[in-house]
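> no sequence for this one, just the structure:
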């Protein structure tokens, strides 16, 4: 029972602290290329805008407001859209790379400590860090499960590199599922069942807490 409660606490902290850290990376990356950010309670994440780009879009809209087809075909508008896609790809790509690197570091730490006879705090730290990438798994699952679900935030990254959206997301889900199963299989037999139950409960709690309180501690 004690271990289960500790695992629940670990997953709850992982979900909140992991999401917070990733959001900070996104915010700082956006600021470095001239964007402003604001937390959107409707999508539970920070959204960004750039005043000069918005002004340019508004100018084009004013010039062609009588003919929507002409606006869409405007070369300047297409160039602005490419700029926006590139900037968003940089923001989301940096956050994704940061998450993957931390997860890999956690896996290395976990596997290294796993070889020792006595399980140390570093063993559990590495294991929880390994699950950071699950944030992307859960958010992209929304697309396929919820009615009217939006594509994952990494859609801009996929578009920028001309990768097929649905195929890429499904491939990521499959690879991630194999990693999750592999990690769970590597957990000590003594704690595996409690770990799985705690993961479901802890991630649920962290999601509820993030949805209700993220706006209070994000910049």
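Structure's in. What do you need? Predicted model only: the values in this text are computed from it and were never measured. Residues are numbered from 1 along each chain as shown.

> what's the burial count for residue 26?
Neighbour count for residue 26, taken as other Cβ atoms under 10 Å: 23. Every C-beta, even on glycine, is put in place using the N, C-alpha and C of the backbone.

> which secondary structure state does the residue nearest to residue 27 when sequence neighbours are not counted sit in?
Excluding the flanking residues, the one nearest residue 27 by Cβ to Cβ, 6 or more residues apart in numbering is residue 37, at 5.1 Å. Secondary structure, DSSP: H, G, I helix; E, B strand; the rest coil: residue 37 is strand.

> wait, residue 37 touches residue 46, no?
Yes: with contacts counted by Cβ atoms under 8 Å, residue 37 reaches residue 46, the gap being 4.7 Å.

> which neighbours do these two have in common?
26, 27, 30 (Cβ atoms under 8 Å, 6 or more residues apart in numbering).

> any chance of TSV for those, columns distance to residue 77?
Below are the shared contacts of residue 37 and residue 46 laid out as TSV (distance: Cβ to Cβ, whole Å):
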residue	distance to residue 77
26	26
27	27
30	22
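
> and the longest helix seen in the chain, what does it pack onto?
The longest helix of the chain (DSSP state H) is helix 75-114. Packing contacts for helix 75-114, counted by 3 or more Cβ pairs under 8 Å, 6 or more residues apart in numbering; DSSP states H and E, involve helix 2-32, helix 51-63, helix 121-130, helix 134-145, helix 155-160, helix 165-186.

> angle of that helix against helix 121-130?
160 degrees (axes from the mean of the first three to the mean of the last three Cα atoms, to 10 degrees).

> show me how far helix 75-114 is from its chain's centre.
Taking Cα atoms, centre = their mean, to the nearest Å, one finds helix 75-114 lying 9 Å from the centre of the chain it belongs to.

> and which of the shared contacts of residue 37 and residue 46 is nearest to residue 99?
Looking at the shared contacts of residue 37 and residue 46 and their distance to residue 99, the nearest is residue 26, at 10.6 Å (Cβ to Cβ).

> hang on, the closest one packs against residue 46?
Yes: using Cβ under 8 Å, residue 26 is in contact with residue 46, at 6.1 Å.

> identify the contacts common to the two.
With Cβ under 8 Å, 6+ apart, residue 26 and residue 46 have common neighbours residue 37.

> quick check, central residue of this protein?
Nearest to the geometric centre of the chain sits residue 136, at 4.3 Å (Cα atoms, centre = their mean).

> wait, it sits on residue 98?
No: checked against Cβ under 8 Å, the pair residue 136 and residue 98 is beyond contact range at 11.6 Å.

> so who does the residue nearest to residue 27 touch?
26, 27, 30, 31, 46, 47, 48, 219.

> is it possible to mark the buried ones in those?
The neighbour count (16 or more other Cβ atoms under 10 Å) marks 26, 27, 30, 46, 48 as buried among those.

> out of the residues you listed, who's nearest residue 211?
Ranked by distance to residue 211 (Cβ to Cβ), these are led by residue 46 at 14.1 Å.
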